[in-house]
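fold the following for me, if possible:
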Amino acid sequence: NIALRDALKPIAKRHNTTVSSVAVAWTLAWPGVTGAIVGARSPAQVDGWIDAATLTLTAADLDEIALAIEKIGVGAGPTRPAVMRESKSRVETEPAEAR
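Sure, this is the predicted structure:
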């Protein structure tokens, strides 16, 4: 979806990465997700999203992505991983007892 791609561009720019990396990092931010299956037709395409492995999305980034998904109306289901807190390595789910 071109509108969603355009909405992710500012996040990618803030993190000095690609929109593809932001999309894959968003997928990896969901609790229980340990990997993302992505396809590439060339090594250059892999270079476009490989940063996702180390990209840390902030709570504000996740809010911005969720708002874009809801506004544009792409997909179905939840738009934001559970209540999140930032860690040094990734965005992680906050334990239920901490909420």
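
tally up the residues packed near the closest residue to Leu62 other than its chain neighbours, please.
Of all residues not flanking Leu62 in the chain, Arg80 sits nearest, at 5.4 Å (Cβ to Cβ, 6 or more residues apart in numbering). In this view, the C-beta of every residue, glycine as well, is placed from N, C-alpha and C. Other residues within reach of Arg80, judged by other Cβ atoms under 10 Å, total 18.

check for me that Arg80 belongs to a helix.
No. With DSSP: H, G, I helix; E, B strand; the rest coil as the criterion, Arg80 is assigned coil and is not in a helix.

just give the nearest non-adjacent residue to the residue minimising distance to the centre of the chain, would you?
Residue closest to the average C-alpha location in the chain (Cα atoms, centre = their mean): Trp26, at 1.7 Å. Among residues not flanking Trp26 along the chain, Ile65 sits closest, at 5.5 Å (Cβ to Cβ, 6+ apart).

that neighbour contacts Leu8, correct?
Yes. With contacts counted by Cβ atoms under 8 Å, Ile65 reaches Leu8, the gap being 6.9 Å.

pull up the overlap in contacts between the two.
Any residue near both Ile65 and Leu8 by Cβ atoms under 8 Å, 6 or more residues apart in numbering counts here, and that gives Val22.

distance of Ala40 relative to Ile11?
Distance from Ala40 to Ile11, counting by Cβ to Cβ, to the nearest Å: 22 Å.

what about the residue nearest to Trp26, is that helix, strand or coil?
Ile65 is classified as helix under three-state DSSP.

now Val24
helix.

contact partners for it?
With contact set as Cβ under 8 Å, 6+ apart, Val24 has these partners: 36, 38, 49, 52.

whichever of the residues you listed end up buried, select them in ChimeraX.
Buried subset of those, written as a ChimeraX selection, criterion 16 or more other Cβ atoms under 10 Å:
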select :49,52
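
closest to Ala3 out of the contacts of Val24?
Of all those, Trp49 has the smallest distance to Ala3: 19.6 Å, by Cβ to Cβ.

ignoring the adjacent residues along the chain, who's closest to that closest one?
Ser20 (3.9 Å).

for that neighbour, grab phi and psi.
Main-chain torsions, Ser20, degrees, to the nearest 10: phi -60, psi -40.
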